[in-house]
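> Sharing a model prediction with you, sequence too.
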Amino acid sequence: KPSIDLKVDSDGVAILNLQRPPVNSFNLDFLKEMSHTLDFVEKNKITAMILTSAFPKVFSAGLDIKEIYKPDAVRFKEFWSTLQEVWMKLFGASFITAAAINASLVTNYSTTNKTRSS
């Protein structure tokens, strides 16, 4: 079963449904599939793309820890370059992108408050 399901409506809006059990973690195969999917969306003049999850309780766990813990050097290099390729395709896309997150999302976001003294 593919890790990504893509449907395009009559208005040219693509729904990209992440469906890699159990938590949509990004491994090399998933990233390759994502890269090919983004190529398809770009080539077919899609106007917008919505990323969402097939799983009701999780959007994505992020990078698959098995890919980055004690990795094989050759595989890790391919994994990392494919990850960068996917991000560049997303950031440079000619179509609008949005994420419909209706579940948990693991993130490493933090804020700090700094005061400036004069």
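That came through fine. Since the structure is predicted, the reported quantities are computational estimates derived from the model, not experimental observations.

> Provide a list of residues in contact with residue 44.
Residues in contact with residue 44 (Cβ atoms under 8 Å, 6 or more residues apart in numbering) are residue 8. All C-beta atoms are positioned from the backbone trio N, CA, C, and that covers glycine.

> nope, residue 68 is what I meant
76, 79.

> gap between it and residue 25?
Distance, residue 68 to residue 25, by Cβ to Cβ, to the nearest Å: 11 Å.

> go on, residue 39?
22 Å.

> Equivalent analysis for residue 32, please.
Look at residue 32 and residue 25: by Cβ to Cβ, they are 14 Å apart.

> now swap in residue 7 and tell me
23 Å.

> Residue 64 too?
Distance, residue 64 to residue 25, using Cβ to Cβ: 4 Å.

> circling back to that earlier point, of residue 39 and residue 25, who's got more company?
Each of residue 39 and residue 25 has its neighbours counted (other Cβ atoms under 10 Å); residue 25 has more, 20 against 11.

> hang on, isn't that one packed against residue 61?
Yes - the criterion here is Cβ atoms under 8 Å, and residue 25 meets it with residue 61 at 4.5 Å.

> ok, and for stretch 81-98, which residues are buried?
For stretch 81-98, burial by neighbour count (16 or more other Cβ atoms under 10 Å) applies to 82-83, 86, 89, 95.

> pLDDT (mean, whole number) over it?
Across stretch 81-98, the average pLDDT comes to 95.

> just how off-centre is that stretch within its chain?
Computed by Cα atoms, centre = their mean, to the nearest Å, the chain-centroid distance of stretch 81-98 equals 9 Å.

> Can I get that stretch in CSV, CA atoms only?
The C-alpha coordinates for stretch 81-98 follow below in CSV (Å, rounded to 0.1, in the frame of the first residue of the first chain):
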residue,chain,number,x,y,z
SER,A,81,19.6,14.5,0.3
THR,A,82,16.0,13.2,-0.4
LEU,A,83,14.7,15.0,2.7
GLN,A,84,16.3,18.3,1.5
GLU,A,85,14.9,17.7,-2.0
VAL,A,86,11.4,17.3,-0.6
TRP,A,87,11.6,20.5,1.5
MET,A,88,13.0,22.5,-1.5
LYS,A,89,10.1,21.2,-3.7
LEU,A,90,7.6,22.3,-1.0
PHE,A,91,9.1,25.7,-0.4
GLY,A,92,9.6,26.4,-4.1
ALA,A,93,6.2,25.1,-5.3
SER,A,94,4.2,27.1,-7.8
PHE,A,95,1.0,26.0,-6.0
ILE,A,96,-0.4,27.0,-2.7
THR,A,97,0.2,24.5,0.1
ALA,A,98,-1.6,24.1,3.4
